[in-house]
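[1] Sequence first, then the predicted structure:
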Amino acid sequence: MSVPQDSPVPQDSAAQRLPYWPVPIVRAVLALALGVFVTFSQDHSVRLGLFAFGAFAVLTGAAVVLFGLLRMIDRRVGTVFVIQGLVAIAAGVLALVLNQSGVAFLLYLLSVFAALTGFLELYNGLRMRGRLPEAREWVAAGALTAIAALVFVLGPLDSVFAVGVLGAYAVILGVYLAIGGLSLRWSQASRSAAAAAGSPSSGSGS
């Protein structure tokens, strides 16, 4: 099924100039914090997994919602990101509230979270591919999250496996988002410098 393509995004929009690069950096910090916490924790119990995932999902969801509301110039794309963030927040709240549940609930929650948020981010990335530089990051992050959903579904019913995969996913996602955010930052700085060099005021005046 082909992803619908909208009209090109206006490059001179004031909203377009709002920097996007802090968003993946914030998400990267949260993901890496989750990955490091899980990696260096000897306790891979269901309760720890639900607590760690819950905190990560709520904070990440809030960041994605704020991005969708404040930084997205395409309203429909921004709406999808808001939905993605709300799904993450809801999953995080469930994990924190029901942290006495068993491993089946943990794996079910992780798989549903990863499937829904991964699909939504992948959809936005494919929809904006070739129109916004950050779309490449959305495609990769969405695909990685969707793959994680399959791993959670197909893996054994074991808390050590579930929490371990959660930590590995968080580390990989965090590293990628950090690289993507810094690349966008440097790219934006290059474009700004080029625009300043090409402006009439930067040339030799009479």
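    Cool, got the structure. Residues are numbered from 1 along each chain as shown.

[2] which non-adjacent residue is nearest residue 104?
    Distance criterion CB to CB, 6 or more residues apart in numbering; nearest residue to residue 104, sequence neighbours excluded, is residue 157 at 6.3 Å. (Glycine included, C-beta is placed from N, CA and C.)

[3] dump the residue contacts of the one you found.
    103-104, 107 (CB atoms under 8 Å, 6 or more residues apart in numbering).

[4] Closest one to residue 28 out of those, please.
    residue 107 (25.0 Å; CB to CB).

[5] Count the neighbours of residue 156 for me.
    10 (other CB atoms under 10 Å).

[6] Is it in a helix, a strand, or coil?
    In three-state terms, and counting by DSSP: H, G, I helix; E, B strand; the rest coil, residue 156 is coil.

[7] The longest helix anywhere in the chain: which residues count as buried?
    Counting by DSSP state H, the longest helix found in the chain is helix 159-198. Of the residues in helix 159-198, 159, 161-167, 169-171, 173-174, 176-178, 180-181, 183-185 count as buried by neighbour count, 16 or more other CB atoms under 10 Å.

[8] For that helix, name the packing helices and strands.
    Packing partners of helix 159-198 (3 or more CB pairs under 8 Å, 6 or more residues apart in numbering; DSSP states H and E): helix 22-39, helix 46-70, helix 103-127, helix 135-154.

[9] Including mean neighbour count and distance to residue 82, could those helices go into JSON lines?
    Output for the helices and strands packed on helix 159-198, formatted as JSON lines (neighbours: other CB atoms under 10 Å; distance: least, CB to CB, whole Å):
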{"stretch": "helix 22-39", "mean neighbour count": "20", "distance to residue 82": "13"}
{"stretch": "helix 46-70", "mean neighbour count": "20", "distance to residue 82": "4"}
{"stretch": "helix 103-127", "mean neighbour count": "21", "distance to residue 82": "10"}
{"stretch": "helix 135-154", "mean neighbour count": "18", "distance to residue 82": "14"}
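
[10] looking at the ones you listed, which is closest to residue 85?
    helix 46-70 (3.4 Å).

[11] What angle do helix 22-39 and the closest one make with each other?
    Angle, helix 46-70 to helix 22-39, by axes from the mean of the first three to the mean of the last three CA atoms, to 10 degrees: 180 degrees.

[12] Tell me the gap between helix 46-70 and the middle of its chain.
    The chain centroid and the centroid of helix 46-70 are separated by 10 Å under CA atoms, centre = their mean, to the nearest Å.

[13] tilt between that helix and helix 159-198?
    Using the same axes, to 10 degrees, helix 46-70 lies at 20 degrees relative to helix 159-198.

[14] What is helix 46-70 packed up against?
    Judged by 3+ CB pairs under 8 Å, 6+ apart, helix 46-70 is in contact with helix 22-39, helix 75-97, helix 103-127, helix 159-198.

[15] Mean confidence (pLDDT) on that helix, please.
    For helix 46-70, the mean pLDDT works out to 94.

[16] Kindly confirm whether my reading is correct that residue 133 touches residue 184.
    Yes - the pair residue 133 and residue 184 passes the contact test of CB atoms under 8 Å, sitting 6.3 Å apart.

[17] CA-only coordinates of stretch 90-108 in CSV, if you can.
    C-alpha atoms of stretch 90-108 as CSV (Å, rounded to 0.1, in the frame of the first residue of the first chain):
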residue,chain,number,x,y,z
ALA,A,90,-1.0,5.4,28.3
ALA,A,91,1.3,2.4,28.1
GLY,A,92,3.7,3.9,30.6
VAL,A,93,0.9,4.7,33.1
LEU,A,94,-0.4,1.2,32.8
ALA,A,95,3.1,-0.2,33.5
LEU,A,96,3.5,2.0,36.6
VAL,A,97,0.0,1.3,38.0
LEU,A,98,0.0,-2.4,37.3
ASN,A,99,3.6,-3.1,38.2
GLN,A,100,2.6,-6.1,40.2
SER,A,101,1.5,-8.0,37.1
GLY,A,102,3.2,-11.0,35.6
VAL,A,103,5.5,-11.5,32.7
ALA,A,104,2.7,-12.1,30.2
PHE,A,105,1.3,-8.6,30.9
LEU,A,106,4.8,-7.2,30.5
LEU,A,107,5.4,-8.8,27.1
TYR,A,108,1.9,-7.9,26.0
